[in-house]
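> Next come a sequence and a model predicted from it.
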Amino acid sequence: MKIFKIPRFLRLFFRNKTWDFSFRSSEVFITFDDGPHPTITPWVLKLLAKNDSKATFFLVGENAVRYPDLVDEILIQGHSIGNHSMRHCNGHKTPQHVYVKDVYEAAEVIPGNLFRPPYGRITRSQTKEIKKDFRIIMWSWLSFDYDTAIPVSKILTKARKQIIGGDILVLHENKKSEERLKEILPALLKIIEEKGLKASRIEMD
């Protein structure tokens, strides 16, 4: 069973992470994982600008090193960026000292204090270490843009029914999701507008 909307009780149980901004009822927060990407990121930025929307990009450190001009362009256009580890590490499969070192290595090329664990996988002890310097940003609504077993029509139906103000939404900037992202994102921005919501960035400290 695919869970698009994270149950409220789970968000309340893991209070040491940010799952939504329920107090900001007129806004939603679109986030993109895994970039920057040489062709997808420019397309996303152009579409966001056309729709007067802001977003937050959780970048993989290796990609940030490879495409520094795209990191600069994201910031120039008024979006936020966050740390998605240096090598897209799975916290449940990576020793703590290796995981923490990888995150701080990425921080050398990705400014700010926002962090999202790849795959959403992070242990309690890793969380304790990372929270010393970062805000751990999770999500309240997952698009499954990477899962070709889920029709785009179903994803958009779920978006219309489930997304409310304060939600943090997740999409992906990678080759696996590219084709579906180009179908989902324009429709998602329209749904957000129809709901009377504004797409905003998560503020970097």
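Good, I have the coordinates.
> For the rest of this, base every contact and every neighbour count on C-alpha atoms.
Fine.
> Could you give the separation of stretch 109-119 from the chain centroid?
10 Å (C-alpha atoms, centre = their mean, to the nearest Å).
> With just CA atoms, put it into PDB.
The C-alpha trace of stretch 109-119 is given here as PDB (Å, rounded to 0.1, in the frame of the first residue of the first chain):
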ATOM      1  CA  VAL A 109      29.200  23.000  -0.600                       C
ATOM      2  CA  ILE A 110      25.500  23.400   0.400                       C
ATOM      3  CA  PRO A 111      25.000  26.400   2.600                       C
ATOM      4  CA  GLY A 112      22.200  26.700   5.200                       C
ATOM      5  CA  ASN A 113      20.800  24.500   8.000                       C
ATOM      6  CA  LEU A 114      18.100  22.500   6.200                       C
ATOM      7  CA  PHE A 115      18.700  18.700   5.900                       C
ATOM      8  CA  ARG A 116      16.600  15.900   4.500                       C
ATOM      9  CA  PRO A 117      17.700  12.300   4.900                       C
ATOM     10  CA  PRO A 118      17.800  10.400   1.600                       C
ATOM     11  CA  TYR A 119      14.900   7.800   1.400                       C
END
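> Pull out the buried residues from it.
For stretch 109-119, the neighbour count (16 or more other C-alpha atoms under 10 Å) marks Val109, Ile110, Gly112, Asn113, Leu114, Phe115, Arg116, Pro117, Pro118 as buried.
> Report the mean confidence score over the helix ranked longest in the chain.
Of all the segments assigned as helix in the chain under DSSP state H, the longest by residue count is helix 178-194. For helix 178-194, the mean per-residue pLDDT is 98.
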